[in-house]
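**Q** structure of the sequence below:
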Amino acid sequence: MDVNLTATNYLQVASTSTKTLQLVPSSSGKLAKVVVGDLDGVLTCFGVKKQAAVIVFKTIGGPPIERTEMIKDRVFVATGAEVHGYSKKGKNFFTISTYLTEPIKNMCVKDSHIQVAGDYIYTHYIDNKDTYSYMSQAIIRDMITLFVPKRATNSGSKPNRVHEMAVLACADSMLRLLQGGEVMHLVDVESPPNVIVTLDDPASNSVGLAVVGMENGNFSLIQFARDECNTIWTKTHASQQPSITSLCTFDITGSGSPDVIVGRRNGAVEVYTFDDDGDVFLYEPPTLVYQTNMGSSITSMVSGFVSYKEHPEIVVATYAGHVVGLHTNPQLQSKSSTDASLSQNNATMEQLKDEIAALEEELRSLPLELEKLQQDTLPDLRYSCKYDFLESQSCNLLSIESEVSLDYIMIQSTIPLDLLDVEASTAVACFSQQPQESGNKVVATYTCGDGVTNFNVRIRSIEGQYGEINIFIVPQTHGNETAVAHKHQLAIHALAMHRPTREPVDLGSLSNTLTITGDVSISKMHVWLGMVLPDLPTKFREVEKWSIMYKSTLVGTYLQCELTKGKLVVKSDNLSSLTIVKDCIANAATKENTPVDIEEEMDAESCILVLHRIIPVLEHCVGLSRKVDIIQTLKEIEAQEGSTSALSKEHADIIANADTLMQEYLSQPFQIERLYGIITDLFMDRCKAVGINGKPYLNALMGILDEHNFNELIPFFLQEDLQA
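**A** Down below sits the predicted model:
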């Protein structure tokens with residue numbers, strides 16, 4: 001199915017937050033209006049006439065608008081700890097103060113029910129009274145309400161009794177189905193969810209359907225019911241895609257079933273449709289039929305009839321404040337329509353140039369006042385900084401987006417890091433050698449080009465090294481403006497390649513045990529553990545016993561933590577992981593002058609099981625490196641011979657898959673060296689566990705690794721000289 005959409009720029013507002021764009025329906029059957037809230041606290045409503053925005057109303061600024069919701073033709077906005085209601089003409093007819101200790105980030109409004117959530121606290125107001133509340137252990141990233149049946153329904157079956165319930169999408173890769181203030185179900189998803197929307201399918205009797213967009217770039221269809229919740233399908237990709245930041249569902253292609261429209265952090269807008277008409281239950285995940293890029297992270301999307309009654313469109317809002325319409329009207333793609341649109345844009349540009357010239361003239365008339373103002377105040381910068389984990393590449397993606405052009409970004413750290421380029425990045429890197437006494441391991445400056453508001457870089461740390469990254473963001477300046485660096489700090493955890501998991505694990509295989517005891521509260525132990533492990537729930541409740549399981553994304557080993565008052569028990573099948581936990585917590589206790597007792601029960605032979613996991617990965621990486629090394633030579637042979645017939649099947653396959661092999665190789669540089677380091681650390685930890693000095697054996701171990709004799713690794717670890 002061919003889908004062609006034509007873009008029209010409607011409006012420029014300040015930076016926007018997630019789900020701050022809505023459609024205002026018309027009760028008389030006319031075209032819908034669009035309302036958007038921005039981080040300057042301005043709510044703007046406009047209609048569209050002849051592909052141009054016509055302002056209906058615009059409020060004065062205030063605290064940032066974090067969320068908007070609609071009830072018929074009335075719009076509700078969440079700003080700070082308050083909810084305001086506006087009529088279709090912009091009159092503020094309703095205000096409620098929630099008195100929450102954190103700003104409202106999520107909101108659902110229906111009839112007399114207002115449900116709001118900050119980072120951790122969910123509150124349900126009925127008739128403006130605080131009726132239910134719930135505190136999540138993980139950050140609440142999004143929230144919806146939907147009608148949930150008592151039992152899960154199959155295709156064609158009639159829906160049974162339904163209840164309206166709230167679903168919280170939380171950063172611990174869990175969806176929490178709430179009734180009142182109680183959790184009815186926990187739904188595990190494969191990656192932290194960023195956004196969740198309901199899916200209404202007219203061709204199906206099914207209810208309780210929702211689409212979840214995740215940090216790893218995939219999205220899933222979930223069916224919620226009071227008795228059980230199921231994942232119907234998950235849309236995956238051959239390579240990891242940018243994080244999903246916005247979703248909406250609408251039949252934009254006219255197929256009879258709702259299409260899934262996806263917005264991503266890199267500015268991509270994608271339309272996915274099902275192969276045939278009918279119930280979405282009966283099909284595999286939808287197929288990509290259209291994609292474009294807005295140049296800025298997508299924050300909100302809605303679909304409906306805004307410009308034409310016969311042709312629906314997608315209205316998109318970006319972090320940079322651009323509001324754009326993507327039209328399905330085929331007439332807009334004609335040459336005459338394009339010329340008319342170009343003429344209109346030229347007229348608009350001329351008008352803007354005249355306005356800019358008038359403003360510049362006004363500024364020149366007030367030079368002294370302007371200079372004094374610049375000296376007395378420092379410019380502020382609004383920016384978004386995200387640090388997403390890329391599991392397939394075993395690294396993190398640092399994404400920075402500013403509402404103004406960036407001059408340069410400086411990254412400084414006292415721990416060793418690998419800074420890896422992103423394919424689409426245009427920033428020029430400069431790495432500075434630092435004297436040893438400075439303590440800096442990394443100082444890098446990235447110079448951005450003119451008009452660049454986005455910056456991306458991949459960061460890979462070494463497990464066992466922990467600390468902080470300091471990021472200095474400097475926007476471009478003009479004239480006599482003062483250049484100011486804005487500092488942003490990120491924590492690097494000692495076991496950064498580990499992630500929480502709910503996979504079933506054979507606890508008997510966790511043969512290494514670390515026990516730490518002392519007069520320490522659970523909360524203090526939890527803080528110490530937070531320096532070691534990422535994605536640890538930050539809102540921690542004092543309970544008798546608390547536990548969590550982690551999995552290494554690099555090696556596939558497991559680590560379990562159990563907390564009770566005055567006691568921390570850590571178990572793992574990886575000796576090195578346990579050693580890192582011990583060293584980090586011992587250092588933290590020493591700095592705080594807190595006495596603790598540390599007991600270890602180490603199984604030296606567990607290293608062999610870890611080697612069985614590492615060796616296949618290492619062999620794959622070495623094989624990939626060898627294939628990449630001969631790609632150019634094989635291509636030269638192919639050019640000389642005119643075909644690949646003279647090559648062996650193995651070499652012909654290398655040429656056929658050259659692009660894929662090169663992409664995989666470039667996505668994980670230094671991977672072999674990293675695995676060598678893991679094996680070396682594992683060997684030294686094993687020697688320490690049996691009371692032997694392992695340094696005299698390191699040269700022999702490195703010889704085995706350099707010669708790629710990986711079959712000799714296990715016999716080397718088991719040699720008699722290294723036994724207890």
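**Q** where does the chain dip in pLDDT?
**A** Low-confidence segments of the chain, defined by pLDDT under 70, span residues 1, 151-162, 201-206, 276-283, 332-348, 363-379, 479, 539-544, 722-724.
**Q** give me the most central residue, it.
**A** In the chain, the residue lying closest to the centroid (C-alpha atoms, centre = their mean) is residue 215, at 3.7 Å.
**Q** wait, what's in contact with it?
**A** By C-beta atoms under 8 Å, 6 or more residues apart in numbering, the residues touching residue 215 are 191-194, 243-244, 388-389. For the C-beta atoms, the positions are set from N, CA and C on the backbone; glycine is no exception.
**Q** rerun at 6 Å
**A** With contact taken as C-beta atoms under 6 Å, 6 or more residues apart in numbering, residue 215 is in contact with 191-192, 194, 243, 388.
**Q** in helices, which of those appear?
**A** The helices in this structure, assigned by DSSP state H, contain none of these.
**Q** tell me which of those fall in strands.
**A** With DSSP state E as the criterion, strands contain 194, 388 from among the contacts of residue 215.
**Q** select only the buried ones of the contacts of residue 215 in ChimeraX?
**A** Only the buried entries of these go into this ChimeraX selection, using 16 or more other C-beta atoms under 10 Å:
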select :191,192,194,243,388
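**Q** okay, residue 596 and residue 585: tell me how far apart.
**A** Note on residue 596: its distance to residue 585, by C-beta to C-beta, to the nearest Å, is 8 Å.
**Q** ugh, wrong one, I meant residue 248
**A** Taken as C-beta to C-beta, the spacing of residue 248 relative to residue 585 amounts to 46 Å.
**Q** now residue 498
**A** Separation of residue 498 from residue 585 (C-beta to C-beta): 15 Å.
**Q** higher neighbour count, these two?
**A** residue 498 (27 against 23; other C-beta atoms under 10 Å).
**Q** contacts only, for the more buried one.
**A** Listed by C-beta under 6 Å, 6+ apart, the contact partners of residue 498 are 550, 552.
**Q** specify the beta-bridge partners of it.
**A** According to DSSP bridges, residue 552 are recorded as the beta-bridge partners of residue 498.
**Q** past the top helix by length along the chain, which element shows up next along the chain?
**A** Longest among the helix segments of the chain by residue count, using DSSP H, is helix 606-641. Using DSSP states H and E, the next helix or strand after helix 606-641 towards the C-terminus is helix 649-656.
**Q** angle of that next one against helix 606-641?
**A** Following axes from the mean of the first three to the mean of the last three C-alpha atoms, to 10 degrees, one obtains 80 degrees for the angle between helix 649-656 and helix 606-641.
**Q** for helix 649-656, packing partners?
**A** If contacts are counted by 3 or more C-beta pairs under 6 Å, 6 or more residues apart in numbering; DSSP states H and E, helix 649-656 sits against helix 606-641.
**Q** next, the buried residues of the helix it packs on.
**A** The neighbour-count criterion (16+ other C-beta under 10 Å) identifies 606-607, 610-611, 614-615, 617-618, 621-622, 624, 627-628, 631, 634, 638 as the buried residues of helix 606-641.
**Q** please apply the same query to stretch 386-398.
**A** Residues of stretch 386-398 classed as buried under the neighbour-count rule (16+ other C-beta under 10 Å) are 386-391, 393-398.
**Q** okay, how far is it across it, tip to tip?
**A** One end of stretch 386-398 to the other measures 6 Å (C-alpha to C-alpha, to the nearest Å).
**Q** mind checking which helix or strand residue 686 is in?
**A** Here residue 686 is covered by helix 671-689, with elements defined by DSSP H and E.
**Q** show residues contacting that helix.
**A** Applying C-beta under 6 Å, 6+ apart, the external contacts of helix 671-689 come out as 575-576, 579, 602, 604, 607, 618, 621, 694, 701, 705.
**Q** same thing but 8 Å
**A** Outside of helix 671-689, the residues that reach it under the criterion C-beta under 8 Å, 6+ apart are 394, 460, 462-464, 554-555, 574-576, 579, 600, 602, 604, 607, 610-611, 614, 617-618, 621-622, 625, 693-695, 697-698, 701-702, 705, 713, 717, 722.
**Q** list only buried entries from the residues you listed.
**A** A residue is treated as buried here by neighbour count (16+ other C-beta under 10 Å); on that basis the buried members of the contacts of helix 671-689 are 394, 460, 462-464, 554-555, 574-576, 579, 602, 604, 607, 610-611, 614, 617-618, 621-622, 694, 697, 701, 705, 713, 717, 722.
**Q** which of those fall in strands?
**A** residue 460.
**Q** on that earlier part again, so of the buried residues of stretch 386-398, which two are at opposite extremes in space?
**A** Distance extremes for these: the farthest pair is 386 and 394 at 18.0 Å, using C-beta to C-beta.
**Q** residues of stretch 211-227 that come out buried?
**A** So stretch 211-227, judged by 16+ other C-beta under 10 Å, has buried residues 211-226.
**Q** got the CA coordinates for it in CSV?
**A** The C-alpha trace of stretch 211-227 is given here as CSV (Å, rounded to 0.1, in the frame of the first residue of the first chain):
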residue,chain,number,x,y,z
VAL,A,211,-0.5,0.2,22.2
VAL,A,212,2.7,0.7,24.2
GLY,A,213,5.7,2.5,22.7
MET,A,214,9.0,1.6,24.3
GLU,A,215,12.5,2.9,24.9
ASN,A,216,14.1,0.3,22.6
GLY,A,217,12.1,1.5,19.6
ASN,A,218,9.5,-1.4,19.6
PHE,A,219,5.8,-1.2,20.3
SER,A,220,3.3,-3.8,21.5
LEU,A,221,-0.4,-4.3,21.5
ILE,A,222,-1.6,-5.3,25.0
GLN,A,223,-5.1,-6.6,26.0
PHE,A,224,-6.1,-5.7,29.5
ALA,A,225,-8.7,-7.6,31.5
ARG,A,226,-9.6,-7.9,35.2
ASP,A,227,-8.7,-11.6,35.2
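**Q** and that stretch, how far from the chain's centre?
**A** Here stretch 211-227 is found 15 Å from its chain centre; the criterion is C-alpha atoms, centre = their mean, to the nearest Å.
**Q** quick one: the helices in the stretch 201-350 of the chain, in order.
**A** Read by DSSP state H, counting those that start in this stretch, the stretch 201-350 of the chain holds these helices, from start to end of the chain: 335-364.
**Q** any idea where the strands of it begin and end?
**A** Counting by DSSP state E, counting those that start in this stretch, the stretch 201-350 of the chain has these strands, from start to end: 209-214, 219-224, 229-235, 244-250, 259-264, 268-273, 287-293, 298-304, 313-318, 322-327.
**Q** most tightly surrounded among those strands?
**A** Among these, the stretch with the highest mean neighbour count (mean count of other C-beta atoms under 10 Å) is strand 313-318, at a mean of 27.
**Q** give the pairing partners of it; include direction for each.
**A** In the sheet, strand 313-318 lines up against strand 298-304 (antiparallel), strand 322-327 (antiparallel) (DSSP bridges).
**Q** re the thing from before, and of the buried residues of helix 606-641, the nearest to residue 78?
**A** Relative to residue 78, the closest of these is residue 617; by C-beta to C-beta it sits at 46.3 Å.
**Q** what's the separation between that closest one and residue 389?
**A** Here residue 617 is placed at a distance of 18 Å from residue 389 (C-beta to C-beta).
**Q** what residues does whichever helix or strand residue 398 is part of touch?
**A** Per DSSP H and E, residue 398 falls inside strand 395-402. By C-beta under 8 Å, 6+ apart, the residues outside strand 395-402 that reach it are 265, 296-297, 319-320, 381-390, 406, 409, 418, 420, 422, 453-460, 471, 473, 475, 488, 490, 496.
**Q** switch to 7 Å and redo it
**A** Strand 395-402 is touched from outside by 265, 296-297, 319, 381, 383-390, 409, 420, 453-460, 473, 475, with contacts defined as C-beta atoms under 7 Å, 6 or more residues apart in numbering.
**Q** tell me which helix or strand comes right after that strand.
**A** Assigned by DSSP H and E, the successor of strand 395-402 is strand 406-413.
**Q** dump that next one to CSV, restricted to CA.
**A** Coordinates of each C-alpha in strand 406-413 appear next as CSV, following Å, rounded to 0.1, in the frame of the first residue of the first chain:
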residue,chain,number,x,y,z
LEU,A,406,24.0,24.7,19.8
ASP,A,407,27.6,26.0,19.6
TYR,A,408,29.4,23.1,21.3
ILE,A,409,29.1,20.3,23.8
MET,A,410,31.9,19.3,26.2
ILE,A,411,32.0,16.0,28.0
GLN,A,412,34.2,15.5,31.0
SER,A,413,34.6,12.4,33.2
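**Q** much appreciated, bye for now.
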